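In: I need the structure of the sequence given here:
(one chain, ligands or ions: 1)
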Amino acid sequence: MTMTTSSNAVDGREISRQAGRRRTFAVISHPDAGKSTLTEALALYSKAIKDAGVTHGKSTRHGTVSDWMGMERERGISISSAALQLEHQAKVLNLVDTPGHADFSEDTYRVLAAVDCAVMLIDAGKGFEPQTVKLLEVCQQRNLPIITVINKWDRPGLDALDLIDQIGERTRMTPVPLSWPVGIAGHFSGLIDLRARRSLRLESVDGGAKPAVEIEVDPGNLEELEAAKWEAALEEAALVGSANGQFNAAAFADAQQTPVFFTAASRNFGIRQLLDMLAEAGPPPTPRLTADASRRGLEAGFSGFVFKVQAGQDTAHRDHIAYVRVCSGMFERGMIVINPRTGRPFATKYAHRVLGQGREVLDVAWPGDVVGLVNAHSLRVGDSLYQDDPVTFPDIPHFSPEHFAAARANDPGRYKQFRRGIDQLDHEGVVQVLRSDVRGDQSPVLAAVGPLQFEVAEQRMRTEFNAPISLDHLPYSVARRVVEGTADIPDNFRGGELLRRPDGEAIALFGDRWKLGHFAEAFPQAVLQTIGAEPSSVVRERN
Ligand code: GDP
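Out: You can find the predicted model right below:
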């Protein structure tokens, strides 16, 4: 059989070794906390390898990073998810990008399904902000290990001990500081590196363009005023240490503990300590849960799943990229893989051809890595892929949409483009598309988790499909799946309407929960199911 090739030939120990070198993580934060700055700083300290197997042919590491960030800037808002690959201490760090916009969307959830750990970035002056809380909740649903980074310590902010308390209350994990700042927020002059047990004076170089200079000091050997600052920091760190205990890798991996770092990303303060910890104690990939509730061993044949599909990244080439997280075995360019949803083989050689156009080609990838498959039009978010040892991974959970709008083409003469664009947006999960006989094909209903998804849809319909649309916002906020055959429900009923997903699934929309109650009285036989997690319940404050 031609499909059985290389992964059988590769030694299982080599797969384990490579997987053990991987740290796949995402940064979660409220906009403006410094995610982009932190990303640049991490890249400055380590070696940028490639971005999701798709680099842009630039050799300087700053070129590569800026391109990756530039993609976001050009589009105004980030609707992309790529991975930046960095090397530090012989470990490969895969930083998977989460959407940067303020709106909560399914994209974020999908990205968090593809990582083994999250870095939660907090602005020292603001503490926990709404988006941080939402993202934290998603991480905790997945029991993801979380590293907490308190950024902008060079600016006046909250008290360090208060912040530690806040982290404990908000995350319900035990915060264990691994670095402690010297000087109150706004006077960040040094760091106690609690892992390396060193006291380091920090100096910014070239306004943050170069790694910070670290000078080891002996706090017992400083003049009085200076010494007091260091003694205070050591005392505070010791205080937290005796209350919260020592760092424990197993407790971190089990999301019981969250290690805490203090940084000033724009000055590169505290970045090395974070990177060292990720490399030395960050969680490597583990055998992934499969749809039949077993675990896919890392050394099994190649497998992975699609967590993001993206089009229009490169308008000149009309790219369509499926991002695959490798779960087991070795991925090799040119490999033929099978998508169990369709049962069809899928040739990754197409990736090769298009990647070859002035871009760096990804030759092999290991568990934890992210592979960008170009022009993989048949792949959908949630699809599994394997080479010769069948496996299906659980579908990535959906969020229940809470915003709905009827779309129509501004120019009825461009109906073909309209239809194609709407189908593509549905396929990628930019929005969910619902239809009904009453509304007709010309007026599908777009369903979104957050309203910003509509703006993305409008923009892409205009620029990419050349079929501008108008949206008529609908007064619904609750959606439920109606189990087929349980009730005969008209398209329009009191307080809501019934629509269908492209796969035929019936979805009922309601103005609010009261209307849902009326519906249950009117159609007592109807069996309703929630659609995935509800974002508004995710926002609830913790107590
Ligand atoms: P993002 O929206 O989370 O990606 O945030 P950015 O990285 O774009 O940062 C937002 C703003 O905060 C920018 O003006 C940064 O220069 C600034 N910033 C980021 N990190 C720091 C820091 O550690 N100290 C200070 N003073 N400013 C920072």
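
In: what about the helices in the stretch 51-200 of the chain?
Out: For the stretch 51-200 of the chain, the helices defined by DSSP state H, counting those that start in this stretch cover 61-74, 106-113, 130-141, 160-171.

In: List the buried residues of the last one.
Out: Judged by neighbour count using 16 or more other Cβ atoms under 10 Å, the buried positions of helix 160-171 are 160, 163, 164, 166, 167, 168, 170, 171. In this view, the C-beta of every residue, glycine as well, is placed from N, C-alpha and C.

In: which residues touch the nearest residue to residue 205 once chain neighbours are set aside?
Out: In space, and not counting its chain neighbours, residue 205 is closest to residue 213: 5.9 Å by Cβ to Cβ, 6 or more residues apart in numbering. By Cβ atoms under 8 Å, 6 or more residues apart in numbering, the residues touching residue 213 are 202, 203, 205.

In: in which helix or strand would I find residue 213?
Out: In the assignment (DSSP states H and E), residue 213 maps to strand 210-216.

In: now swap in residue 454 and tell me
Out: Assigned by DSSP H and E, residue 454 belongs to helix 452-463.

In: ditto for residue 250
Out: helix 249-253.

In: Give the other helices and strands that that helix contacts.
Out: Applying 3 or more Cβ pairs under 8 Å, 6 or more residues apart in numbering; DSSP states H and E, one finds that helix 249-253 contacts strand 257-262.

In: Now residue 266: phi and psi?
Out: Per-residue torsions, residue 266: phi -70, psi -20 (degrees, to the nearest 10).

In: isn't it right next to residue 40, touching?
Out: No. Checked against Cβ atoms under 8 Å, the pair residue 266 and residue 40 is beyond contact range at 9.1 Å.

In: Among those two, which residue is more densely surrounded?
Out: The residue with more neighbours, out of residue 266 and residue 40, is residue 40; 21 against 18, by other Cβ atoms under 10 Å.

In: on that earlier part again, list the buried ones in the strand holding residue 213?
Out: 212, 214.

In: Extract the CA atoms of it and return them as CSV.
Out: Taking Å, rounded to 0.1, in the frame of the first residue of the first chain, the C-alpha atoms of strand 210-216 are listed here in CSV:
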residue,chain,number,x,y,z
LYS,A,210,17.6,44.2,22.9
PRO,A,211,17.4,41.7,25.8
ALA,A,212,17.6,43.4,29.2
VAL,A,213,20.9,43.3,31.0
GLU,A,214,20.8,41.3,34.2
ILE,A,215,23.4,42.0,36.9
GLU,A,216,23.5,39.7,39.9
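
In: So what are the sheet partners of it and their directions?
Out: Take DSSP bridges as the rule and strand 210-216 pairs in its sheet with strand 198-205 (antiparallel).

In: Show me which residues of the partner strand are buried.
Out: Buried residues in strand 198-205, counted by 16+ other Cβ under 10 Å: 199, 200, 201, 202, 204.

In: And those residues, which is closest to residue 221?
Out: The shortest approach to residue 221 among the buried residues of strand 198-205 belongs to residue 199, at 10.4 Å (Cβ to Cβ).

In: you'd agree that closest one is up against residue 190?
Out: Yes. Contact criterion Cβ under 8 Å: residue 199 and residue 190 qualify, at 6.7 Å.

In: shared neighbours of these two, anything?
Out: Residues within reach of residue 199 and of residue 190 at once, by Cβ under 8 Å, 6+ apart, are 182, 217, 230.

In: Span of stretch 503-517 from start to end?
Out: Taking Cα to Cα, to the nearest Å, stretch 503-517 runs 27 Å from one end to the other.

In: which residues make contact with it from outside it?
Out: Under Cβ under 8 Å, 6+ apart, the answer for stretch 503-517 is 404, 434, 445, 447, 474-482, 484, 489, 494-501, 519, 526, 528, 531.

In: now do 7 Å
Out: Applying Cβ atoms under 7 Å, 6 or more residues apart in numbering, the contact partners of stretch 503-517 are 404, 434, 475-482, 484, 489, 495-501, 519, 528.

In: Got a ChimeraX select line for the buried ones in these?
Out: Buried residues within the contacts of stretch 503-517, by 16+ other Cβ under 10 Å, are selected in ChimeraX with:
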select :404,434,476,477,478,479,480,481,482,489,495,496,497,498,499,500,501,519,528
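
In: Of the contacts of stretch 503-517, which belong to helices?
Out: The helices, defined by DSSP state H, take in residue 519 from those.

In: can you map out the helices along the stretch 251-400 of the chain?
Out: Applying DSSP H, counting those that start in this stretch to the stretch 251-400 of the chain gives helices spanning 271-281, 349-355.

In: hey, least reliable of those by pLDDT?
Out: With a mean of 42, helix 349-355 has the lowest mean pLDDT of these.

In: for the closest residue to residue 471 other than its chain neighbours, what are its contacts?
Out: Spatial nearest neighbour of residue 471, chain neighbours left out: residue 405 (4.1 Å); criterion: Cβ to Cβ, 6+ apart. Contact partners of residue 405, counting by Cβ under 7 Å, 6+ apart, are 446, 454, 471, 472, 473, 474.

In: Model confidence score at residue 405, please.
Out: Here the pLDDT value assigned to residue 405 is 98.

In: Quick check: the gap between it and residue 501.
Out: Residue 405 is 16 Å from residue 501, where distance means Cβ to Cβ, to the nearest Å.

In: what do you get for residue 228?
Out: With distances taken as Cβ to Cβ, residue 228 is found 65 Å from residue 501.

In: list the contacts for the residue lying closest to residue 291 once chain neighbours are set aside?
Out: Leaving aside its chain neighbours, residue 291 sits nearest to residue 392 (4.3 Å; criterion: Cβ to Cβ, 6+ apart). Each residue near residue 392 by Cβ under 7 Å, 6+ apart is listed here: 290, 291, 340, 384.

In: Recalculate using a threshold of 6 Å.
Out: Under the criterion of Cβ atoms under 6 Å, 6 or more residues apart in numbering, the contact list for residue 392 reads 291, 340, 384.

In: Now the buried members of these.
Out: Here, 16+ other Cβ under 10 Å leaves 340, 384 buried among these.

In: Same list as before, the contacts of residue 392 that is, but in JSON lines and with pLDDT included.
Out: As requested, the contacts of residue 392 are exported to JSON lines (pLDDT from 0 to 100):
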{"residue": "291", "pLDDT": "93"}
{"residue": "340", "pLDDT": "94"}
{"residue": "384", "pLDDT": "96"}
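
In: that older thread, the residue nearest to residue 471 pairs with what?
Out: Bridge pairing for residue 405 - DSSP bridges - gives residue 446, residue 473.

In: partners of the closest residue in space to residue 391 that isn't next to it in sequence in the sheet?
Out: With sequence-adjacent residues excluded and distances taken as Cβ to Cβ, 6+ apart, residue 391 is closest to residue 303, at 4.8 Å. Bridge pairing for residue 303 (DSSP bridges) gives the partners residue 328, residue 386.
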